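Peer 1: sequence plus predicted model, see below.
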Amino acid sequence: MTTSHDARPLATNPSPDVPSHAPAPRVTELSGHAYKRRKAFNRELVLAAIPQSFIKLDPRQMRHSPVMFTVLVGTVVSVVACAAQIIQASPDVVFSLVITLWLLLTVLFANFSEALAEGRGKAQADSLRAGRQGLLARRLKGAARGEGNAAEESVPAPELRKGDLVVCEAGDVVPSDGEIVEGLAMIDESAITGESAPVVRESGGDRSAVTGGTKVISDRVVVRITADPGQTFIDRMIALVEGAERQMTPNEAALHVLLVALTIVFLAVTVVLVPFANLAGAVPSPVVLVALLVCLIPTTIGALVPAIGIAGMDRLVQHNVLATSGRAVETAGDITTLLLDKTGTITFGNRRAVDFLPAPGVPEAEFIAAARLASLADETPEGRSIVDLAGERGATGPSLDELARSAGQQGAFAVVEFSAMTRMSGLDEGKRRYRKGAASAVARWVRELGGDIPPGVRDDVDSIASDGGTPLVVATDDGVDQPERHRPRVLGTVHLADVVKPGIADRFAALRRMGIRTVMITGDNRLTAAAIAKEAGVDDYLAEATPEDKLTRIRAEQKAGQLVAMTGDGTNDAPALAAADVGVAMNSGTQAAKEAANMVDLDSDPTKLIDVVAIGKQLLITRGSLTTFSVANDVAKYFAIIPALFVAVFPGLSLLNVMGLTSPKSAVLAAVIFNAIIIVLLVPLALRGVRYRPVTAQQALRRNLLVYGVGGIVAPFIGIKIIDLLLALVPGLH
Ligand SMILES: Nc1ncnc2c1ncn2[C@@H]1O[C@H](COP(=O)(O)OP(=O)(O)OP(=O)(O)O)[C@@H](O)[C@H]1O
Ligand SMILES: [K+]
Ligand SMILES: [Mg+2]
């Protein structure tokens, strides 16, 4: 799925206004050069998988795979039959022992493929575990948050519980998952993301989440722990890569049913053969009957199904995406619509105040002072950036504490926190109310008080928005007690700027080629939305959306038959992330978003969905192809074994011996050996995945039926013949 523009790593944010914290979305190639790429087979992994293949012989583990369990039971039956033959000094004993050995190898090869697939994840889990060994946390005693001199105690990180407050300073490793409640810090997340560029995390906004195991490299933050022991992101990541929480996907379940059915059918066929053969006087030995059964049932796919699924999840992890279920990954393969949040998803998400535009007739200093007051209690990055810019422009005034103290004495001080519903925030102080927010929200507030937004301000709002910026209008009134006497006044507009993540338009174009429609949903106004939508190259957008609107839009798309993915970062995206068929949270986002989603992208790259979709499709195609191959594959074995069984009684059957195999025994043995070896030969394909190209499902199906169906029929004829010729060189087998 690689096109030339995909191969180019995206540059980091070039704008000087935005610190280069933003995770540079990296582009990766599928089934190839992922940045964390490791070979499917390396010596270490293979060596580790060998003992695992034996450990997995435990019947309790084997019974999850009906086909391989049947082979295991067959092997046991063969062993008993061999013992009987030894006692009877049967001339067939060497032949029977060799067959039995290959039956055992069949099971071991299946276990080996699964163990090898699990190996990479296990290695990764071990290194994640090692990273937090002996970690100590600096917990604040009691709820003494916010006070620099609050007493600290040192506790082992695994003892931290939800709600605990911990301090992290430069050099500290964040002891557990949490949300920054105070301060701002640069964080090195490389332990988890593999990406060494530091990122900014700060309290108040949509970038407040920190992950246990990451390292604070500057400043000091207070973190409220959000995960109980054993429930952290790393715990989930370990469980995921180790496969501890592996559940069958609906697709796997359907295949499981098919495999059980085929096993039962061929078991019946084999059992029915016995009286029939007895009647004809052929009396096949139990070992040969088991060999026949094993060759008939779809052992190839039965052996490789777990490895295919694990490898798919592993590929996702290699792309820095964590999924809570395999189901989500497979669903991703069929996604038709992608909804994206704007701020923090399509843009970097640190909207900063860059300019103050006073309303006509309002002195600049008065406007800036009011903007500062309206933002003083606003803990969001937007709010703080306004206070900062006001300071740079020389605005001075009381601190929030001083204000609260003096106003409190007059009995009128209240903070109005920002919410995505009201789109406004501000402060009531003494006899004045200060508000700032989206133009439409402030307009409503002002109108309720009998005022209006002057045309000059409207022009400023429109021109900022048309440029893709976010305008915040600042207004005040002159008396809480007697609002009717004082007209509200609009003082001016703050220009918030945010930068579209680079390279995004190309990647959305790639999504379009895959048949996926992109829709941006934002709480921002129509003009800003239109400008950003154009710059990012989305197909459609929805502006001034409340959290409910986001949810409603998803439900509507789903009703219309679309399979919907949602990408977002904010707490207000959480309901939509949970409702979408595939919800991908940005790692830079809030804990709520990450919990609601069924995937987290560690790189916070909204276009990562391209890779996720490709991985999902590849997973489905690989499983389908190998199933086709497996079933087709068994056809040749009928031609090898059935004539071999009955040729003594029905010489006419030798016509079926189209392969001209040396002897009946050699035919049976060659079929069993081929049946086992083909599993090992297909392990690389199962782990790496069938090559995926963005073609229609129909084209893919036709091509796969041809390659894997016809290939599956032809390959064993050749393979069995070659093995038969080699066996002819071994004395005593026929
Ligand atoms: N701190 C704030 N104080 C007042 N108003 C704000 C503040 N932050 C944002 N707004 C206004 O509220 C609107 C909605 O903001 P919010 O960031 O919640 O939207 P959203 O639904 O998350 O959209 P997006 O898709 O852009 O992330 C913004 O467009 C802006 O006009
Ligand atoms: K088979
Ligand atoms: Mg948002």
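Peer 2: In hand now; what should we look at? Ligands and ions are numbered 1, 2, ... in the order given.
Peer 1: in terms of helix, strand or coil, where does residue 583 fall?
Peer 2: Assigned by DSSP: H, G, I helix; E, B strand; the rest coil, the conformation of residue 583 is strand.
Peer 1: actually residue 47, sorry about that
Peer 2: The three-state label given to residue 47 by three-state DSSP is helix.
Peer 1: that one: neighbour count?
Peer 2: Neighbour count of residue 47, defined by other Cβ atoms under 10 Å: 10. Placement of C-beta: from N, CA and C, glycine included.
Peer 1: likewise the one 10 residues further on?
Peer 2: By other Cβ under 10 Å, 15 other residues sit near residue 57.
Peer 1: and whatever residue of the stretch 451-600 of the chain ends up closest to ligand 3, what does it touch?
Peer 2: Among all residues of the stretch 451-600 of the chain, residue 570 sits closest to ligand 3, at 3.4 Å; criterion: Cβ to the ion. By Cβ atoms under 8 Å, 6 or more residues apart in numbering, the contact set of residue 570 is 206, 341, 343-344, 420, 589-590, 593.
Peer 1: the stretch 1-150 of the chain: helices as residue ranges?
Peer 2: Using DSSP state H, counting those that start in this stretch, the helices of the stretch 1-150 of the chain run over residues 43-55, 59-62, 66-87, 93-130.
Peer 1: switch the ones you listed over to a markdown table; also include distance to residue 448 and mean pLDDT.
Peer 2: Listed next are the helices of the stretch 1-150 of the chain as a markdown table, based on distance: least, Cβ to Cβ, whole Å; pLDDT from 0 to 100:
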| stretch | distance to residue 448 | mean pLDDT |
| --- | --- | --- |
| helix 43-55 | 67 | 91 |
| helix 59-62 | 68 | 85 |
| helix 66-87 | 68 | 95 |
| helix 93-130 | 54 | 90 |
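Peer 1: would you mind giving those as a markdown table with distance to residue 220 added?
Peer 2: Output for these, formatted as a markdown table (distance: least, Cβ to Cβ, whole Å):
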| stretch | distance to residue 220 |
| --- | --- |
| helix 43-55 | 41 |
| helix 59-62 | 49 |
| helix 66-87 | 55 |
| helix 93-130 | 26 |
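Peer 1: most packed of the ones you listed?
Peer 2: Neighbour counts averaged per stretch over the helices of the stretch 1-150 of the chain are highest for helix 93-130, at a mean of 21; criterion: mean count of other Cβ atoms under 10 Å.
Peer 1: got the CA coordinates for the helix or strand bottoming out on mean pLDDT in the chain in CSV?
Peer 2: For the chain, using mean pLDDT, DSSP states H and E, the weakest element among its helices and strands is helix 697-704, scoring a mean of 75. Listed next in CSV are the C-alpha coordinates belonging to helix 697-704 (Å, rounded to 0.1, in the frame of the first residue of the first chain):
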residue,chain,number,x,y,z
ALA,A,697,-12.8,-6.4,-2.4
GLN,A,698,-14.0,-8.2,-5.5
GLN,A,699,-10.7,-7.9,-7.4
ALA,A,700,-8.9,-9.1,-4.3
LEU,A,701,-11.2,-12.0,-3.9
ARG,A,702,-10.9,-13.1,-7.6
ARG,A,703,-7.1,-12.8,-7.5
ASN,A,704,-6.8,-14.7,-4.2
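Peer 1: quick one, what contacts the residue in the chain positioned nearest to ligand 2?
Peer 2: The minimum distance from the chain to ligand 2, using Cβ to the ion, falls at residue 299 (3.7 Å). With contacts defined as Cβ under 8 Å, 6+ apart, the neighbours of residue 299 are 67-68, 71, 106, 110, 630, 675, 679.
Peer 1: what is the least confident helix or strand of the chain packed up against?
Peer 2: Packed against helix 697-704 by the contact rule (3 or more Cβ pairs under 8 Å, 6 or more residues apart in numbering; DSSP states H and E) you find helix 609-646.
Peer 1: contacts only, for the nearest residue in space to residue 100 that is not next to it in sequence.
Peer 2: Sequence neighbours aside, residue 78 is the residue nearest to residue 100 in space, at 4.1 Å (criterion: Cβ to Cβ, 6 or more residues apart in numbering). For residue 78, the set of contacting residues under the criterion of Cβ under 8 Å, 6+ apart consists of 96, 99-100, 103, 286-287, 290.
Peer 1: from ligand 3, how far out is residue 78?
Peer 2: Using Cβ to the ion, to the nearest Å, one gets 63 Å for the distance from residue 78 to ligand 3.
Peer 1: look up how far ligand 1 lies from that residue.
Peer 2: Distance, residue 78 to ligand 1, by Cβ to the nearest ligand atom, to the nearest Å: 64 Å.
Peer 1: gap between that residue and residue 106?
Peer 2: Here residue 78 is placed at a distance of 11 Å from residue 106 (Cβ to Cβ, to the nearest Å).
Peer 1: how about residue 429?
Peer 2: Looking at residue 429 against residue 106, where the rule is Cβ to Cβ, the gap reads 79 Å.
Peer 1: before we move on, back to that, the least confident helix or strand of the chain vs helix 609-646, what angle?
Peer 2: Relative orientation of helix 697-704 and helix 609-646, computed by axes from the mean of the first three to the mean of the last three Cα atoms, to 10 degrees: 40 degrees.
Peer 1: which residues touch the very next helix or strand once past helix 697-704?
Peer 2: Under the assignment DSSP states H and E, the closest C-terminal helix or strand after helix 697-704 is helix 711-727. Contact with helix 711-727 is made by 628-633, 635-637, 639-640, 658-662, 666-667, 669-671, 673-674, 677-678, 733-734, as judged by Cβ under 8 Å, 6+ apart.
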